[in-house]
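Chemist: Build the 3D model from these lines:
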Amino acid sequence: MSDLPEHLTDLPGFAERVIPAEPVVGAGKPAEHEWGVQYQGSFEGEADGTARAVRLHARALAATGLPVMLQSLSYRFRGPDGSFLASEAMSERIKEEIFALRHASIGKFRLAIKHAVIFGPDYLRAWILPRSVMQERDPELAMRVAAELYRSTVIYSVWERTTIDPAIVAILKRVAECWVPSEHNRALLRAHGITRVTVVPHPYEDTNPILRLTERAPIPERRFYAIGIWQPRKAYHELLGAFLRAFRPGEAVHLTIKYREFKWPGYPDAYESVVHWLADAVVRDNGWRETNLRPHLALRGEH
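Modeler: Numbers count the residues shown, from 1 in each chain. The predicted structure is shown next:
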């Protein structure tokens, strides 16, 4: 169980089973910090929203003076061309930004924060419990270690849905706390019986260009934006139809959908969706034609 956080070595029975009687390496030196926090997430992507959030949250936590070590969950990320790359292929700017966090000198982790998109219960469980715990032959020791891992783990997650898999809920109920970015997400988790939920808003830098939006006069135009995979869960086909039915050419409105193509059986892709809605009677009565869509609609499918 060498991949366990160091603070678990204090559990009864651990040292006798895992720690060698004789040292196998040269003498080391004390860590700069006796204890600290392990912050884990896929942080390598330069334009990935979750990666940016992981870096900002880890930096904000470290800025309080708390020792923080930033570690990747998968040690790979999706590059600008869409292919997966190893962690060390991240940009030099990001390496410099998080260098101190990646090389923090910490003796023991008292808390682990896992910040990621939860794909399913198996992924979530594997983030919390290392494989060595699952393979431990002593059931009592395995249960003690697992209980301590759950007790010292925080899960930071973001939700864009109204229901959560019961298997995921069961795991989230066991961890120390669940952190979410909004009151909407807190209400969602509490509605599923998860009580230890804290809202931790996304931090931002003073140089963020979005801050300039608070300094200018409002523009009398309604702009709508959506981003994600083109699939039924995101309902982009329905969104496009609602937009074209609600507004008319010449109005001060604009819709941008930034998507990744995904061929879902029976669900129209971006091109098929436009063709479908331009044949709709209500849309045509509103005045929409292929020739007047461009000033009001942008479908971006490229990286």
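
Chemist: which residues does N185 contact?
Modeler: By C-beta atoms under 8 Å, 6 or more residues apart in numbering, the contact set of N185 is 157-159, 199. (Glycine included, C-beta is placed from N, CA and C.)

Chemist: possible to save those residues as a markdown table with secondary structure?
Modeler: As requested, those are exported to a markdown table (DSSP: H, G, I helix; E, B strand; the rest coil):
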| residue | secondary structure |
| --- | --- |
| S157 | coil |
| V158 | coil |
| W159 | coil |
| V199 | strand |
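
Chemist: Filter those down to the buried ones.
Modeler: Listed as buried from the contacts of N185 are 157-159; burial here means 16 or more other C-beta atoms under 10 Å.

Chemist: Could you give me the buried positions within stretch 132-144?
Modeler: Under 16+ other C-beta under 10 Å, the buried positions of stretch 132-144 are 133, 136, 141-142, 144.

Chemist: likewise stretch 193-207?
Modeler: By neighbour count with 16+ other C-beta under 10 Å, stretch 193-207 contains the buried residues 194, 197, 200.

Chemist: Next: stretch 38-47.
Modeler: 38-45.

Chemist: swap in stretch 261-269?
Modeler: Quick answer for stretch 261-269 (16+ other C-beta under 10 Å): 268-269.

Chemist: Give me the nearest residue to Y150, chain neighbours excluded.
Modeler: Take Y150 and drop its neighbours on the chain: the residue closest to it by C-beta to C-beta, 6 or more residues apart in numbering is R174, 4.4 Å away.

Chemist: Now the phi/psi pair for L111, please.
Modeler: With angles defined as degrees, to the nearest 10, L111 sits at phi -150, psi 140.

Chemist: and it, what does it touch?
Modeler: Counting by C-beta under 8 Å, 6+ apart, L111 makes contact with 37-38, 152-154, 176.

Chemist: For it, give its distance to V154.
Modeler: L111 sits 7 Å away from V154, going by C-beta to C-beta, to the nearest Å.

Chemist: Mind listing the shared neighbours of those two?
Modeler: Among the neighbours of L111, those also in contact with V154 (C-beta under 8 Å, 6+ apart) are A176.

Chemist: that older thread, R222: which of the buried residues of stretch 132-144 is nearest?
Modeler: Here the nearest of the buried residues of stretch 132-144 to R222, counting by C-beta to C-beta, is V133; it sits at 51.9 Å.
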